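A.B. asks: next come a sequence and a model predicted from it.
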Amino acid sequence: MTAAFALLLRDLRLGLRQSIDVAIVVLFFLAAGILFPFAVGPAPGTLSQIAGGVVLVMAALAALLSLDRLYQPDYEDGSLDGLILSPLSLEVVALMKALSHWLSTGLPLMVAAPLLALMLNLPAEAYLPMLAALGLATPILSLLGGLGAALTLGSRRGGVLLTFIILPLYVPVLIFAVAAIDAARLGFAGQQNFLFILAGLALATLALTPWATASALRQAVG
Amino acid sequence: MPSFEGRELACQRGERLLFHHLDFTLDEGEALILVGANGSGKSSLLRLAAGLSRPAAGALIWDGREITRDLDLHHRRVIYLGHADGLKAGLTVRENVKFWSDLDGARGSLDEALQTFDLTPLADLPARFLSAGQRRRATLARLALDRSQPAQIWLLDEPTTALDRDGQAVLSSLIQRHRSAGGRVMLASHDPLPELLGRRLRVDDHLAAVA
């Protein structure tokens, strides 16, 4: 437990000392999202229709930005060898890495999301469902992202490859998250059902990705 | 007394076969010094012994069992210090050493380990400001940590690179203490510590013929 906590603390501390990285993720999320009113026109009806989707897509792209920092530095400086040899199991390492990615990416994005939603004219009743959907979707992104980052370790143009691995897996998450937001916006009954499905996806990802990530990491150093 | 041996090992890097038909044994308290030209496979042999990579042929055997049957167990037996030092530029020397201390489950005092390699004056300096020799000391400080389950094999890749006379003396005495407690050492070096007595293994002698 101490070992797992030490790893989390080290990664967060390193992230905090390069806090510009967190700022870039949030700024990208807002700046790219703000392009939509200019591109599709400022009609409030159109904007509120696409608001949920834009927030979720932008969150995914912003989360991808910081994935190359997850394992690449440890791989290059030899820390990854030490982590594999340490008594801490590699599955826990993968879990802690995803958690630190979420704390430094997913959480700031959730804080910034209402601001983007406001600029896209999302109706007031859809804010809470949007935050709930993001709260389930961003951990899935961090877990899947960790797997993708581990799989592409050491390959050239890993970042681009990573995008192709992660985005198809993110499609179901996107569908149900946006459905939850739209159901709230249009006042449909049973809107929380979409969130339950999303929670199920989150739990499945939590249960499966640490094992896959650990195997990918073992392959990467071998 | 558990024995550690490699039998008929072959190692492949990419498309190239580095060495083959390599055997070694390493008993309690013994040191094995790997010598050989650059690129002969000393570092690769250390990675094989750590269980980080798999041999192309042959087997590594601990106490009659192949290490691949329980790699996690084997990983707990070794400390491996490769040529990449694993120091984080953004963390101080103390934070760097403390991280490995927490990860290894060390119980002894961190300050003592830092003192061993004369790192106390540098403890609060970010690692990015260290010289090559100071980085080496900060890496080697892991060997001075008092682990709850002492590692049984030290695998050291060029541990003396950039290390000054005093640092080499400290390293020698740590290795001496480790060996007298029954520990094993496998060390790759161009310039082996003069005080260090151990068998030499010439990795060059097993070079695969270039096809």
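C.D. replies: It's in.

A.B. asks: in chain A, what residue sits furthest out from the centroid?
C.D. replies: Farthest-out residue of chain A from its mean C-alpha position, per Cα atoms, centre = their mean: A:A43, at 29.8 Å.

A.B. asks: tell me the spacing between it and A:S215.
C.D. replies: To A:S215, A:A43 is 49 Å away according to Cβ to Cβ, to the nearest Å. Just so you know, the C-beta spots here come from the backbone N, C-alpha and C atoms, and that holds for glycine as well.

A.B. asks: got it, and B:R7?
C.D. replies: Distance, B:R7 to A:S215, by Cβ to Cβ: 27 Å.

A.B. asks: again with A:G148
C.D. replies: For A:G148, the distance to A:S215 - Cβ to Cβ - is 14 Å.

A.B. asks: pull the contacting residues for B:P55.
C.D. replies: Counting by Cβ atoms under 8 Å, 6 or more residues apart in numbering or on different chains, B:P55 touches B:G6, B:L9, B:A10, B:C11, B:L48.

A.B. asks: at the contact with chain A, which residues of chain B appear?
C.D. replies: B:50-54, B:72, B:75-76, B:78-80, B:82-88, B:90-91, B:95, B:98-100, B:102-105 (Cβ under 8 Å from any Cβ of the partner chain).

A.B. asks: buried members of these into ChimeraX, please.
C.D. replies: The buried subset of the residues of chain B next to chain A, as determined by 16 or more other Cβ atoms under 10 Å in any protein chain shown, is captured in ChimeraX by this line:
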select /B:50,51,52,53,75,76,78,79,80,82,84,85,86,87,88,90,91,95,98,99,100,102,103,104,105
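
A.B. asks: which residues touch the helix or strand of chain B with the lowest mean pLDDT?
C.D. replies: Every helix and strand in chain B was compared by mean pLDDT, DSSP states H and E; the lowest is strand B:199-202, with a mean of 80. Residues from elsewhere that reach strand B:199-202 (Cβ under 8 Å, 6+ apart): B:F24, B:E30, B:A31, B:L32, B:I33, B:L34, B:V35, B:G36.

A.B. asks: in chain B, what residue lies closest to chain A?
C.D. replies: Residue nearest to chain A within chain B: B:A84 (3.0 Å; Cβ to the nearest Cβ).

A.B. asks: was I right about that residue contacting A:L80?
C.D. replies: No. B:A84 lies out of contact with A:L80 (Cβ atoms under 8 Å); the separation is 9.3 Å.

A.B. asks: tell me which residues of stretch B:136-153 are tucked away?
C.D. replies: B:136-145, B:147, B:151-153.

A.B. asks: lowest-confidence one in those residues?
C.D. replies: Of all those, B:R147 carries the smallest pLDDT score, 74.

A.B. asks: wait, that residue touches B:L103, no?
C.D. replies: No. In this structure B:R147 lies outside contact range of B:L103 using Cβ under 8 Å: 10.5 Å.

A.B. asks: just how off-centre is the longest helix along chain B within its chain?
C.D. replies: Looking across chain B with DSSP state H, the single longest helix is helix B:165-180. In terms of Cα atoms, centre = their mean, to the nearest Å, the centre of helix B:165-180 is found 13 Å from the chain centre.

A.B. asks: for chain B, give me its nearest residue in chain A.
C.D. replies: Closest point on chain A to chain B, by Cβ to the nearest Cβ, is A:G78, at 3.0 Å.

A.B. asks: can you tell me the closest non-neighbouring residue to that residue?
C.D. replies: With Cβ to Cβ, 6 or more residues apart in numbering or on different chains as the criterion, A:G78 has its nearest non-adjacent residue at 3.0 Å, and that residue is B:A84.

A.B. asks: from A:Y75, how far out is the one you found?
C.D. replies: B:A84 is 9 Å from A:Y75, where distance means Cβ to Cβ.

A.B. asks: ok, back up a step: A:G148 and A:S215: which is more packed in?
C.D. replies: A:G148 (26 against 16; other Cβ atoms under 10 Å in any protein chain shown).

A.B. asks: for that one, what are its contacts?
C.D. replies: A:L67, A:L162, A:I165, A:I166.

A.B. asks: so the first one sits against A:T163, correct?
C.D. replies: This means A:L67. No. Counting by Cβ under 8 Å, A:L67 stays clear of A:T163, with 9.1 Å between them.

A.B. asks: and these two? Which one has more around it.
C.D. replies: The residue with more neighbours, out of A:L67 and A:T163, is A:L67; 24 against 16, by other Cβ under 10 Å.

A.B. asks: who's in contact with that one?
C.D. replies: Counted by Cβ under 8 Å, 6+ apart, A:L67 has contacts A:H101, A:G145, A:G146, A:G148, A:A149, A:G159, A:L162, A:I166.

A.B. asks: A:G145 is in contact with the last one, correct?
C.D. replies: Yes. With the criterion set as Cβ under 8 Å, A:I166 and A:G145 qualify as a contacting pair; they are 5.9 Å apart.

A.B. asks: tell me where chain A has helices.
C.D. replies: Using DSSP H, helices in chain A cover A:2-17, A:20-40, A:44-65, A:72-77, A:79-85, A:90-101, A:107-119, A:127-151, A:158-186, A:192-221.

A.B. asks: ah, wrong one, I meant chain B
C.D. replies: So, for chain B - with DSSP H - the helices run B:42-50, B:71-77, B:93-104, B:110-116, B:132-140, B:165-180.

A.B. asks: can you get me a residue count around B:D23?
C.D. replies: So B:D23, with other Cβ under 10 Å, has 12 neighbours.

A.B. asks: residue contacts, the spatially closest residue to B:P2 that is not a sequence neighbour?
C.D. replies: Closest residue to B:P2 apart from its sequence neighbours, by Cβ to Cβ, 6+ apart: B:D63 at 3.7 Å. Residues near B:D63 by Cβ under 8 Å, 6+ apart: B:P2, B:S3, B:F4.
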